[in-house]
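> here is my input; please provide its structure:
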Amino acid sequence: MRRVDDVVDEFDEMEVPSKELSPERKWIQRMIRSAKQYHKLCPYYDKKTKQCLLMVTVEGRQDRCDREGKFENCPVFIKFLEKVYNYYKAKGKVLPNDFQDVVNYAFYLPP
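Prediction:
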């Protein structure tokens, strides 16, 4: 039979998943909120051809947007923001605070 102290010690050693988001996830959520202020549809969505312009950059293929320009939970848009985050962190630069800053410098990012 196990002692209560042993059970308590085991419980203390268990890793409980944290509800806090990583700094990368916080930044991505902030950029999505900022993008919502400026754009109703994804700024990289071509309404005429209904194609996603980020798919070429992020995934290396050209395809139609299956989300009809909505970018809130778009995996391609999130991958793009992750790429931007990793680029800024690797260079040791200050992260943009606004989505417009990301748009202005998006073409300077390496493929």
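> kindly export the one helix or strand Ile32 maps to (C-alpha atoms) in CSV.
Taking DSSP states H and E as the definition, Ile32 sits inside helix 23-38. The C-alpha coordinates for helix 23-38 follow below in CSV (Å, rounded to 0.1, in the frame of the first residue of the first chain):
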residue,chain,number,x,y,z
PRO,A,23,5.6,33.9,-27.1
GLU,A,24,5.3,32.8,-30.8
ARG,A,25,1.6,31.9,-30.5
LYS,A,26,0.9,35.2,-28.6
TRP,A,27,2.6,37.2,-31.4
ILE,A,28,0.7,35.3,-34.1
GLN,A,29,-2.6,35.9,-32.4
ARG,A,30,-1.8,39.6,-32.0
MET,A,31,-1.0,39.8,-35.7
ILE,A,32,-4.2,38.2,-36.7
ARG,A,33,-6.2,40.6,-34.5
SER,A,34,-4.3,43.5,-36.0
ALA,A,35,-4.9,42.1,-39.5
LYS,A,36,-8.7,42.0,-38.8
GLN,A,37,-8.6,45.7,-38.1
TYR,A,38,-7.3,46.5,-41.5
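> give the buried residues for that helix.
For helix 23-38, the neighbour count (16 or more other Cβ atoms under 10 Å) marks 27-28, 30-32, 34-35 as buried. Glycine gets a C-beta too; all of them are placed from N, C-alpha and C.
> look up phi and psi at the residue lying closest to Lys36 once chain neighbours are set aside.
Distances taken as Cβ to Cβ, 6 or more residues apart in numbering put Glu72 closest to Lys36, at 7.5 Å, once the chain neighbours are dropped. In terms of degrees, to the nearest 10, the main-chain angles of Glu72 are phi -60, psi -50.
> cool, thanks, talk later.
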